Each structure stands twice: as structure tokens, then as C-alpha cells.
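Visitor: A structural model of the following input is requested.
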Amino acid sequence: MKTFYVFILFQIIISAYSQNHLCSILEHDTTIIFNHLQTDYLDDYRVALDNERIWFYKYNASYMHANEFTLYCFYINETKVDSFIIKIPRLNSSLRKDYYDNYNLFTVYNDFILLGYDRYLLILKRNNNTFKIYKKLKLNIQLLPEFASFISENSIFLARNENFSINPKIKSNTQITVYNLYPAKKGYSIQPFFPFIASTHCRYGGDFFSVNSDRTCISFHQRTNYHIDLFDTSLLLRESIHFTPDYWHQVPEDQIRLIDSSQQAYILISCVMPLLKKHSFLDHVYWLDSNTILTKYFNQNICYYDVIEKQNNEWKISKSQLNVNTPNTNEVITKKQYWIVKQHLDKVFIYKNKMICVSSIPAINPIGKTIDAYTADKTTYFKNQSACFSIAVFTLKYP
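Guide: Okay, the predicted model is just below:
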């Protein structure tokens with residue numbers, strides 16, 4: 001294990017631009033740029049949260065002939081990073097001898113790390129400062145998972161909601177499964193209804209599934225309806241959250257049915273994007289606590305957030321249409337506006353009263369620059385350099 005401290009770019013408090021801005025429920029604590037971890041895309045890294053730790057590793061590196069990779073652990077409260085060298089003989093062929101690729105599933109729980117590709121899972125267990133292979137699994141499930149999370153040390157939650165299947169026997173491309181590790185078997189599995197499956201081709205990075213902090217509830221949200229289903233860990237429907245706010249621009253049902261009846265993905269993408277730009281769609285659900293949810297959605301191609309709270313056994317929208325608008329292009333960026341220049345959250349995790357935003361950004365301080373000048377500096381920067389992996393920590397201020 002290697003411990004090192006990283007360069008802190010800013011440590012500032014951001015005031016609310018207005019009560020209708022996302023800044024009204026956030027205070028910026030710090031932004032950290034990892035100068036030695038350059039990346040053109042955030043998807044170059046796999047990231048997972050476990051309590052006060054953010055774990056990540058470079059996903060798109062070539063591990064075909066490697067026997068090790070570096071795993072990083074960022075401690076939110078201490079602002080420090082540990083690095084671990086994970087040694088696995090024949091790393092990428094350890095699950096399938098006939099297939100070499102990177103693991104696209106990555107999640108962490110206490111001393112356990114899950115890596116997965118296709119129907120194959122590799123679980124590592126930490127012992128002091130080393131990780132060793134704990135279990136290998138081949139899943140007996142119909143759809144290949146694209147989302148994974150531990151529910152406990154003995155059970156994992158796997159899910160998929162994307163694209164069209166090439167297997168004509170598969171009627172639905174939405175599946176949620178709870179898988180037991182000992183004995184290794186599928187515990188529960190459901191295929192909830194999800195219209196407008198073609199829209200998953202064009203999503204803006206949002207997951208359709210999330211697990212609350214105490215790992216007792218699984219959420220699954222729709223795309224075109226403001227609708228969230230909450231399941232327990234046995235995949236029994238606990239309750240549903242449904243809203244029809246005045247600001248929601250619903251995609252016409254006849255257009256959804258027409259697109260759902262097609263099987264040609266390249267045609268679907270050209271049809272879906274104009275609809276998403278003209279209407280509303282739900283992109284992500286974040287659990288702030290067991291009775292509070294932050295939703296991210298796009299309304300006529302503009303990003304907004306709502307805070308939803310459970311009061312007297314009823315879910316209500318307590319803050320609506322929190323925007324992430326940027327200042328005018330000729331306005332000088334001040335400390336309170338640093339958050340605004342990012343425009344939207346890339347990859348977000350919630351831990352207690354903290355929001356952690358993982359991003360791929362240039363190593364440029366925007367304070368004191370106009371939006372135009374900052375944009376010009378970024379253009380020059382990217383001619384010769386890649387963006388850097390970064391983590392920003394915010395304190396949540398609600399209700």
C-alpha cells in the first residue's frame with residue numbers, strides 16, 4: 001500500500017446563485033485534481049463508493065498481458081489517497097480463457113471488491129493491505145448485468161436496462177436480480193415494465209437503479225414518466241413514487257408505442273434524440289437519506305434537479321426545478337460561481353451529508369476569468385494535454 005496526498009485546487013464556500021439553483025442546497029468543500037491520472041473521458045475509470053471511501057481504477061488500460069493493476073482509495077473525510085497494487089495472475093483471462101477484456105462491473109463493500117464482465121464475476125477480499133481472489137462466479141441469469149451493488153457480504157444486486165436483445169426468446173431487456181454468494185445461486189429475479197427502451201441508447205450517463213445507504217431498498221425509475229418504484233431486497237414492490245408536475249413535458253404515448261415496436265437501433269437513435277430534446281425525461285435518482293431523494297432530469301434539453309421528501313408516509317416534491325445555469329459569458333467567475341461553470345454533475349455519490357462529484361476536468365483555475373476566457377483556456381489546454389481525474393466534495397444543505 002502507498003499513501004499520498006493530492007493537490008487541492010480550491011477550498012471555498014459557494015453561496016447560492018439563487019434559491020432556484022442547485023447551489024441553494026450545496027456548499028463546496030474542496031476540489032481535488034489528480035494530476036498524474038489523466039483521462040480523456042470519465043468512463044476511462046471505474047468508480048465505486050463504500051462508506052467514506054471512493055474507490056477507483058483505470059478501466060481502459062491494456063491488461064491483456066498484465067498481472068496487476070493499481071486500485072486507488074480516496075478517504076472523503078481525510079482528503080487523502082491510498083493506492084494498492086492488485087496482483088492477479090493472467091488478470092483479464094482469470095474468468096474466461098477465451099476472452100480478453102476489461103471488467104465493466106465494479107463495486108465495493110467493506111473488505112470485498114467485485115469485478116465483472118459478461119456473466120462472470122470475480123470477488124476480491126482485503127486482508128490488511130493486500131487483496132486476494134475470494135470467489136469466482138458464472139451467473140445463471142438471462143440478461144448480462146450492467147449494474148452491480150452489494151446488499152450484504154453474502155448477496156449482490158445485479159441489473160440491466162439497456163438496448164435490444166439479439167436473442168428472440170428474451171421478451172424484456174429490463175431485469176433485476178438478487179444473487180446469493182453462498183451457496184452461489186440466483187435468489188430473486190424480476191423483469192419490471194419499462195416502455196421506451198430505445199431511449200437507453202441515448203441516455204446522458206444516468207443509471208436506472210440505485211440502492212439506499214443502508215442497503216435495504218432498491219429504486220428503479222422510468223424514463224418518460226416521473227415514476228420511481230422502490231423494492232425491498234427480496235425484490236417485492238414496497239411503494240411507488242409518481243408525480244405529474246406542471247413543468248413535466250410528457251412524450252406522447254403513440255410515439256412511444258411506435259418506436260417501441262421497431263427493432264432497428266440506428267433508426268431508433270435518430271428518432272429518440274429529437275423527442276428527448278423536446279420533452280422531459282428522468283435521468284437519475286440519488287438517495288440523500290432513507291426519506292429524501294434527489295432526482296436529476298432533463299426538461300426540453302435543460303438539466304434540473306428536484307428534492308423529494310417523505311412526510312407523513314407520503315412523498316412530496318419539497319424543492320423543484322433546481323437549475324445549473326451558468327453565468328453570462330462575459331461575467332467574471334468568482335469563488336461562489338466555481339460550481340456553476342461545471343454546468344452538470346458527471347458521476348455522483350452520496351455519503352451521509354456529503355455529495356461527491358467525480359469528474360474529468362482540465363487542471364485550470366477558473367476563478368477571476370470570464371466564461372469566454374475560461375472556455376478559450378480549455379481549448380488551448382486540450383490541444384496538448386488530457387483532462388485529469390478529479391473529485392469534488394460538497395456538503396448538502398437541506399431541508
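Visitor: how about the helices of this structure, start to end?
Guide: Secondary structure of the chain (DSSP state H): helices located at 253-260, 265-278, 371-384.
Visitor: Now mean neighbour count too, for these, in CSV please.
Guide: Glycine gets a C-beta too; all of them are placed from N, C-alpha and C. Shown next, in CSV, are the helices of the chain (neighbours: other C-beta atoms under 10 Å):
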stretch, mean neighbour count
helix 253-260, 14
helix 265-278, 14
helix 371-384, 13
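Visitor: among these, which gets the worst mean confidence?
Guide: Within these, the stretch with the lowest mean pLDDT is helix 265-278, showing a mean of 74.
Visitor: Give me the nearest residue to the residue positioned nearest the centre of the chain, chain neighbours excluded.
Guide: With distances taken as C-alpha atoms, centre = their mean, residue 347 lies nearest the centre of the chain, 4.8 Å away. Closest residue to residue 347 apart from its sequence neighbours, by C-beta to C-beta, 6 or more residues apart in numbering: residue 358 at 4.4 Å.
Visitor: Provide a list of residues in contact with that neighbour.
Guide: If you count contacts by C-beta atoms under 8 Å, 6 or more residues apart in numbering, residue 358 has them with 42, 45, 47, 54, 56, 346, 347, 348, 349, 389, 390, 391.
Visitor: same thing with residue 21?
Guide: Shown in contact with residue 21 (C-beta under 8 Å, 6+ apart): 322, 323, 324, 325, 340.
Visitor: Buried ones in the longest strand that the chain contains, by neighbour count?
Guide: Criterion DSSP state E: the longest strand present in the chain is strand 26-38. Of all the residues in strand 26-38, those buried under the rule 16 or more other C-beta atoms under 10 Å are 26, 27, 28, 29, 31, 32, 33, 34, 37.
Visitor: Can you check the pLDDT for the residue nearest to the centre of the chain?
Guide: With respect to pLDDT, residue 347 scores 83.
Visitor: Next, the contact list for it, please.
Guide: So residue 347 contacts 42, 47, 205, 357, 358, 359 (C-beta under 8 Å, 6+ apart).
Visitor: tell me the contacts of the last one?
Guide: If you count contacts by C-beta under 8 Å, 6+ apart, residue 359 has them with 42, 342, 346, 347, 390, 391, 392.
Visitor: roughly how far apart are it and residue 129?
Guide: According to C-beta to C-beta, to the nearest Å, residue 359 and residue 129 sit 28 Å apart.
Visitor: Over to the second one?
Guide: If you measure residue 47 against residue 129 using C-beta to C-beta, the figure is 21 Å.
Visitor: between those two, which one's more packed in?
Guide: For residue 47 versus residue 129, neighbours defined as other C-beta atoms under 10 Å are more numerous around residue 47 (23 against 10).
Visitor: so how far is residue 75 from the more buried one?
Guide: With C-beta to C-beta as the criterion, residue 47 and residue 75 are 15 Å apart.
Visitor: Repeat that for residue 259.
Guide: Taking C-beta to C-beta, one finds residue 259 at 46 Å from residue 75.
Visitor: can you check residue 309 too?
Guide: Distance from residue 309 to residue 75, by C-beta to C-beta: 30 Å.
Visitor: and the residue of the chain most remote from its centre, what is it in contact with?
Guide: Distance from the C-alpha centroid of the chain, by C-alpha atoms, centre = their mean, peaks at residue 330 (32.5 Å). By C-beta under 8 Å, 6+ apart, residue 330 lies in contact with 370, 371, 372.
Visitor: As CSV, those residues with distance to residue 300 would be great.
Guide: Below are these laid out as CSV (distance: C-beta to C-beta, whole Å):
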residue, distance to residue 300
370, 27
371, 22
372, 25
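Visitor: ok, how many other residues are close to the nearest residue to residue 296 once chain neighbours are set aside?
Guide: The shortest distance from residue 296 to any non-neighbouring residue, by C-beta to C-beta, 6+ apart, is to residue 284 (4.2 Å). Taking other C-beta under 10 Å as the criterion, the count of residues near residue 284 is 20.
Visitor: Read off the pLDDT value for residue 284.
Guide: 91.
Visitor: Check residue 354 too.
Guide: 90.
Visitor: any idea how far it is from residue 225?
Guide: The value you get for residue 354 to residue 225, if C-beta to C-beta is used, is 30 Å.
Visitor: what do you get for residue 188?
Guide: 25 Å.
Visitor: Extract the residue ranges of the stretch 51-200 of the chain that are flagged as low pLDDT.
Guide: By pLDDT under 70, the low-scoring segments of the stretch 51-200 of the chain are 59-67, 88-103, 142, 162-172.
Visitor: Can you select the buried ones among the contacts of residue 359 for me in PyMOL?
Guide: Command for PyMOL that selects the buried part of the contacts of residue 359, burial taken from 16+ other C-beta under 10 Å:
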select buried, resi 42+342+346+347+390+391+392
